[in-house]
Structures are given as C-alpha cells and as structure tokens.
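Chemist: for reference, the sequence and a predicted model appear below.
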Amino acid sequence: MARSSTSRRSAAMCGAVLLLGLAATASAFYLPGVAPHDYNPGEKMRVKVEALTSVKTQLPYEYYILPFCHDGVDLKAQDALNLGEVLRGSRIYETPYDFRMGNDARCKILCRGSYDKEEIQAFSLMIEEEYRVNLLLDNLPVAMSMFLEQDGVTTKGYDLGYPVGFVDEKKDKAGKKDSGKKDKVFIFNHLRFTVLINEDKSKRAGIRVVGFEVEPFSIAHSHVNEVEWDKCIGRPSGLQGQCSLNTCSQQKPVSQNQAPMVIDGEKKGPTEIIWTYDVNFKQSPIRWSTRWDMYLDTAMDAEVHWFSILNSFTIVLFLAGIVAMIMIRTLKRDFQRYQEQDILDEGGEETGWKLVHGDVFRAPKLAGWLAVCIGTGVQLAFSCCFLLLFACLGFLSPANRGALMQAMLFIFVFMGVFGGFTSARFFRMFKGNRWRSNALWTALLFPGVSFSIFFVLNMLIWGQKSSGAVPFGTLFALLLMWLGIAAPLTLVGAFFGYRKQPIENPTRVNQIPRQVPPQPWFVNTWINLVVCGLLPFGAVFVEVFFVLSSIWLHQFYYLFGFLFLVLLILWLTCAEITVVMCYFQLCCEDYHWWWRSYVSSGCCSVYLFLYSLYYAQAKLQMARGVAVALYVGYMLIISYSMFLITGSVGFLACYWFVRKIYAAVKID
C-alpha cells in the first residue's frame with residue numbers, strides 16, 4: 001500500500017510538472033493566423049481605423065462619428081467582420097493616411113478643418129472621457145511606446161492606441177481640482193508614426209512590417225498666407241514653396257515645445273484645425289513571426305503569473321494533503337468500526353454517516369432543475385476546456401480579432417450534446433419521465449438568461465448610439481444558432497442519455513424519510529457556503545485580476561496556459577472542499593446533500609462578483625451610468641456561468657464520493 005501510494009504521488013507530481021511546462025510553452029507559442037505580406041519599396045500601404053474606445057465608458061464608437069479627416073474615403077464601405085468582431089463593437093474603415101513603404105515623410109498635411117461649436121463640443125466630450133484612436137497597419141494595432149525602469153533596467157512597452165487629446169485640469173494648492181477655474185482641452189492634431197520593418201534580402205525579396213508606433217502632438221498650426229487646401233491634401237508642408245506652415249516643414253519637425261492646439265466648446269465662431277503627420281520607417285531585428293510579442297509582453301507580467309500559479313498550487317496541495325489525511329484515516333476508522341459492529345453486535349444501532357444509508361440517495365426537491373443545472377454546468381465546463389485547448393495551441397491569436405469570442409460561441413453550441421446527455425442521465429436516475437421537457441430546459445436555461453441580460457444591455461447601448469450595439473440581424477443569427485443548432489444537439493444528447501440504463505446507486509431508499517436531528521454549528525448552511533466559496537476563490541483571485549484587466553482595460557490576454565492551470569486548480573479546490581463539507585454533513589445525519597453540494601461549490605461565483613465590484617471601484621472610473629450597467633450586467637453573466645460550472649464540479653465530486661463510501665460498507 002505504501003509503495004502504491006508513493007507511486008501515485010510521484011505520478012501526480014510528474015503530471016503537475018508537465019502541466020506547468022505546458023503553461024510556459026502555451027504562453028509563448030501562437031499561430032498568427034494570417035499570412036505575411038511582403039511589400040515592395042514604394043508600395044502603398046493601407047492604414048485602417050477600428051474604433052474609438054474608452055475605459056471610462058466601455059462604449060466603442062465609430063471613428064468617423066467625430067469629424068476627422070476623410071477626404072477620399074468611402075464612409076459607407078467597411079471591412080468584412082466576423083461574428084466576434086461585431087459583438088465586440090468593431091467597425092473598420094479606411095483612412096486618408098498615405099504611407100509608401102520605405103519613403104519617410106515629414107509634416108504631411110492630412111486636411112484642414114473648420115469646426116463649429118457642436119463639433120468642437122463633440123471632440124471635447126470624447127477627450128474628457130479619455131477616448132483613444134485604434135489605427136491598424138498590416139493587421140497590427142498602433143501603440144504608443146512607454147519605457148519602464150525597474151532595478152536599473154529600462155524596458156520598452158506598448159500602450160495600445162493613442163488619445164484623441166488631453167485635459168489640463170486646474171488644481172489648487174492642496175492638489176485638488178479647482179472648480180473656480182476652467183480646464184483647458186487640447187487635441188492631438190499631429191501624429192508621428194514609426195513603422196518598424198524587417199528586410200532580409202538573403203531570404204526574401206519583400207519587406208515586412210513588424211511594428212507600428214505613434215507619438216501624438218498637439219500643435220497650433222499656422223500658415224504663411226492663403227493656402228489652397230484642396231491641393232495641399234497629402235502633400236508635405238513647404239514642398240516647392242507651397243502649402244507652407246509656420247510650425248513645421250520637411251526640414252523642421254514639430255516638437256513638444258511648440259504652442260499646443262486648444263479647443264473651446266464655448267467659442268461661438270468656427271475653429272480651424274490643421275491635421276498633419278510624419279512617417280518614419282525603421283529597420284528592426286524583430287521577426288514577423290514574433291512581432292506580437294511586444295504587445296503580449298506589455299499586457300502581462302509572467303513572473304506575477306508564475307508566483308500566482310505556484311501559490312495556488314501550494315494551497316491545493318496543502319488542502320489535498322489535509323483532505324487525504326482526514327478522509328483516509330477517518331474513513332478507515334469508520335469502516336473498521338462498522339465491520340466490527342456487524343460482526344459483534346448485529347442488532348446494535350448504527351451511528352454516523354452509515355445511519356442515513358436509506359435516505360442518502362433519496363431524490364431531492366426540484367430534482368429536475370438540479371439535473372438541468374448539472375447538465376448546463378457540464379456543457380459550460382467542456383466549452384471552457386476545448387476553448388482553452390485551442391487557445392493554448394495558438395489558434396486564437398490576437399491577430400485574429402474576434403476569434404476568441406466567436407470560438408467561444410460555436411464551441412458552446414456544439415457542447416450541447418454533453419449537456420443534454422448529462423442532464424438526461426441524472427433526470428432518469430431521479431425517476432423523471434418528461435425527458436424532452438428536461439432537455440429543452442437544459443438548452444434554454446443559461447442561454448435564455450444570458451441572452452435576456454444581453455438584449456437589455458444592447459438596448460442601452462443603442463440609446464448611446466455606440467458601435468458596440470449589436471445589429472438586429474446579428475441578434476437573429478445568434479437566435480438561430482441557439483434554437484437551430486444548440487437546442488437540437490441538446491435534445492440529441494438527452495435522447496441517448498435517457499435511453500441508457502439508469503444509474504444504480506449502491507443502497508436502496510427507504511419509503512419513509514428519516515428526520516434530520518439538530519445540526520452543530522460547523523455544518524450550518526451559511527458557514528458551509530462561506531467556507532466552500534472562499535477557499536476556491538482565494539486560490540485563483542490573482543489570475544481573476546488579470547482577466548478583468550484584459551476585459552475592462554482593453555489589454556491583450558494571451559497566457560492561456562496559465563489560465564488553464566488556474567481553471568484546473570479552481571476545480572480541484574472546489575471538489576476537495578465540497579467533499580469534506582459533505583462528509584461532515586453526512587456524519588451529522590443530514591442527508592440533504594444534493595443541492596447543498598451544488599450551491600456551496602458554486603458560491604465562489606458570489607466572491608467573484610463581489611471582487612468585481614471592488615475592482616470597478618478601485619481600477620475603473622465610470623463616466624456614464626450606462627457604463628456601470630454594462631459592467632454589472634456582463635459580470636452577472638460571467639458570475640452566473642462560473643456558478644453553474646463550479647457547482648457542477650462540486651456536485652459530481654460529492655456524488656462520486658458518496659457512491660464510493662456507501663458501496664464500501666455492508667448494508668442489510
């Protein structure tokens with residue numbers, strides 16, 4: 001026995017090491033998902049724009065909702081989007097920026113605009129709400145370079161997009177905002193682009209883009225004399241003595257010391273803004289296959305993730321050791337006591353968990369709904385596993401915008417087979433007859449609640465005229481996926497699950513239910529819920545912080561190997577602590593363990609929701625009531641799905657445990 005247990009522990013440790021290795025590999029390996037484009041010198045490059053985004057409102061807007069330069073751009077033409085991009089609120093348009101591969105340009109005039117009061121107020125509102133512009137070049141998002149110094153080492157990172165402008169807040173001597181003085185609003189009307197390129201003539205003839213950086217400037221441009229702006233669009237300032245600006249030219253670059261461009265929403269007359277840009281091409285040693293590493297390394301700190309994983313793994317091992325020690329020693333003593341009692345005193349009264357053998361498998365109240373919840377949780381759990389597996393293999397690269405959300409929807413739809421099968425198996429065990437009704441509720445429960453919340457939030461977004469509002473055609477497509485694919489697959493799974501022989505439990509159920517005696521304080525329902533929810537969440541809350549930052553701070557999350565490990569740790573912790581609490585409950589002769597095991601394990605979702613509220617208060621500054629509604633609504637959906645998953649994991653672990661212990665003792 002000692003030798004076999006030692007070998008099992010060695011195998012478990014080897015498995016843990018392999019999983020940690022998988023996490024490290026998966027976090028660094030990905031398939032870009034697009035073929036490289038080799039540019040020829042002087043070839044025109046298409047600069048596109050995705051959307052205006054803000055962490056203060058969480059409402060994306062189309063770029064041209066503001067009167068930016070659009071000369072020569074067809075505003076009715078958009079790039080084709082996948083389902084995930086539409087749900088994210090992406091709307092991709094062309095821009096008038098003129099890039100030629102390898103040709104540097106300085107102080108190139110984009111356009112000149114004369115804006116009335118309402119247009120300036122629109123700019124001011126977007127600037128005050130910290131909206132950022134997200135340009136794209138060769139499928140790479142534009143980013144501002146930032147340099148961080150730590151322990152004497154300077155590292156370069158990226159901040160996605162660039163702000164529309166900035167606000168100079170007036171503060172008093174105490175450092176607080178001075179309400180008596182008016183804040184100044186500045187707009188970024190000059191952009192200095194740096195395109196990082198990689199050219200290897202020994203391997204290929206073309207040039208590849210490996211980076212796209214921007215440095216915004218606010219410049220109060222002025223011109224020498226009357227300028228024919230229609231003829232100056234796309235031309236450098238001062239070329240052949242035409243289109244001359246006082247602030248910059250081909251020989252004179254702009255600088256941060258020049259007077260900034262101030263916009264005033266209270267000004268009655270028109271405001272003139274001249275938009276300009278620079279383009280610099282810079283040779284870089286970065287390879288095309290690793291060009292996303294800078295974006296991904298900026299988004300996540302691998303050392304923090306490793307510390308979180310090791311900390312969580314230590315908690316799991318410690319908890320598993322305690323569980324194993326208590327359960328093995330205690331159960332062994334129970335088995336010996338019951339066997340001695342059967343031999344020496346067959347007429348004696350039974351005690352402990354064996355006493356409720358005639359009621360422990362009695363079907364609970366609302367057994368059909370329990371079967372539905374278990375089936376839905378299993379469907380979501382399988383969806384998470386397959387989604388993270390594909391992500392670890394690199395098929396959901398950030399280069400494929402919207403691929404993660406689209407894959408999540410399709411995988412959930414096809415996992416309906418597992419949900420229907422599991423729900424039908426338990427429904428038949430509970431001696432249910434209307435299996436079709438049970439299967440339909442399994443297909444409708446989670447999608448129905450989620451779609452209802454999503455539909456209400458979508459109406460709020462429509463009211464804000466945001467591009468994040470999902471079109472009704474897409475909503476109809478989602479309904480077709482749900483009712484036309486997911487529901488039939490759930491019915492198919494339920495059909496095969498209900499046709500199988502029912503699950504046979506090791507003990508029979510008595511006709512008359514046994515009365516449950518008064519319970520001690522340590523098996524109180526509320527204490528059970530608090531403990532069973534707190535420990536699993538405490539093991540994974542560090543990774544929850546990174547996931548929330550990825551969702552709500554518009555950062556890239558691509559350490560799916562770490563996330564997979566965290567998910568396994570969460571499930572293990574839920575299973576272990578729920579089994580322990582279930583054992584204590586049965587020892588106190590309380591056989592109502594069905595729903596309690598499900599709800600107590602799922603209670604970590606309550607901690608997730610409470611933590612998300614704290615995160616919003618500490619990290620986010622919501623500028624609109626709709627943003628608060630969006631945050632709360634989407635976190636409710638996420639917490640609800642986590643409740644179903646962890647509840648099902650805890651229940652299945654308890655069911656396996658109860659079957660094992662009652663099958664191991666002799667029952668008359």
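Modeler: Noted; the coordinates are in hand.
Chemist: so which residue is smack in the middle of this protein?
Modeler: For the chain, residue 551 is the residue whose C-alpha lies nearest the centre (Cα atoms, centre = their mean; 4.8 Å).
Chemist: so it, which state does it fall into?
Modeler: Residue 551 falls in the helix class when you classify it by DSSP: H, G, I helix; E, B strand; the rest coil.
Chemist: pull the helix or strand with minimum mean pLDDT from this protein.
Modeler: Considering only helices and strands, the least confidently modelled element of the chain by mean pLDDT, DSSP states H and E is helix 2-28, at a mean of 39.
Chemist: after that one, next one along is what?
Modeler: Reading on from helix 2-28 to the C-terminus, the next helix or strand found by DSSP states H and E is strand 44-45.
Chemist: quick one: average pLDDT of that following strand?
Modeler: Averaging pLDDT along strand 44-45 gives 94.
Chemist: so where's this structure uncertain?
Modeler: Applying pLDDT under 70 to the predicted model, the residue ranges of the chain that meet it are 1-34, 150-151, 171-180, 225-227, 240-241, 298-305, 326-327, 331, 334-351, 666-668.
Chemist: kindly recompute the last result at 50.
Modeler: The chain contains residues with pLDDT under 50 at 1-33, 344, 347-348.
Chemist: the lengthiest strand in the chain pairs with which strands?
Modeler: Counting residues, the longest strand in the chain under DSSP state E turns out to be strand 271-283. The strands that strand 271-283 pairs with in its sheet are strand 105-115 (antiparallel), strand 190-199 (parallel) (by DSSP bridges).
Chemist: to residue 251, which of those lies closest?
Modeler: Residue 251 lies closest, by Cβ to Cβ, to one member of the strands paired with strand 271-283: strand 105-115, at 8.0 Å. Glycine gets a C-beta too; all of them are placed from N, C-alpha and C.
Chemist: alpha carbons only: can I get the closest one in CSV?
Modeler: Provided in CSV are the C-alpha atoms of strand 105-115 (Å, rounded to 0.1, in the frame of the first residue of the first chain):
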residue,chain,number,x,y,z
ALA,A,105,7.6,61.9,-44.8
ARG,A,106,7.6,64.9,-42.5
CYS,A,107,4.9,67.4,-41.8
LYS,A,108,2.5,65.9,-44.3
ILE,A,109,-0.9,67.7,-44.5
LEU,A,110,-3.8,65.4,-43.9
CYS,A,111,-6.5,68.0,-44.2
ARG,A,112,-7.7,71.3,-42.8
GLY,A,113,-11.0,71.5,-41.0
SER,A,114,-13.2,74.4,-39.9
TYR,A,115,-15.4,73.2,-37.0
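Chemist: now do stretch 256-271: distance to the chain's middle.
Modeler: In terms of Cα atoms, centre = their mean, to the nearest Å, the centre of stretch 256-271 is set 39 Å apart from its chain centre.
Chemist: that one: which residues count as buried?
Modeler: Along stretch 256-271, the positions that meet the burial threshold by neighbour count (16 or more other Cβ atoms under 10 Å) are 258, 260-261, 263, 265, 271.
Chemist: from these, which ones fall inside strands?
Modeler: Helix and strand membership here follows DSSP E; of those, those in strands are 263, 271.
Chemist: among the buried residues of stretch 256-271, which pair sits farthest apart?
Modeler: Taking Cβ to Cβ as the measure, these reach their widest spread between 258 and 265, a distance of 23.0 Å.
Chemist: in JSON lines: the strands paired with strand 271-283, plus distance to residue 563 and mean neighbour count.
Modeler: What follows is the strands paired with strand 271-283, written out as JSON lines (distance: least, Cβ to Cβ, whole Å; neighbours: other Cβ atoms under 10 Å):
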{"stretch": "strand 105-115", "distance to residue 563": "41", "mean neighbour count": "20"}
{"stretch": "strand 190-199", "distance to residue 563": "29", "mean neighbour count": "20"}
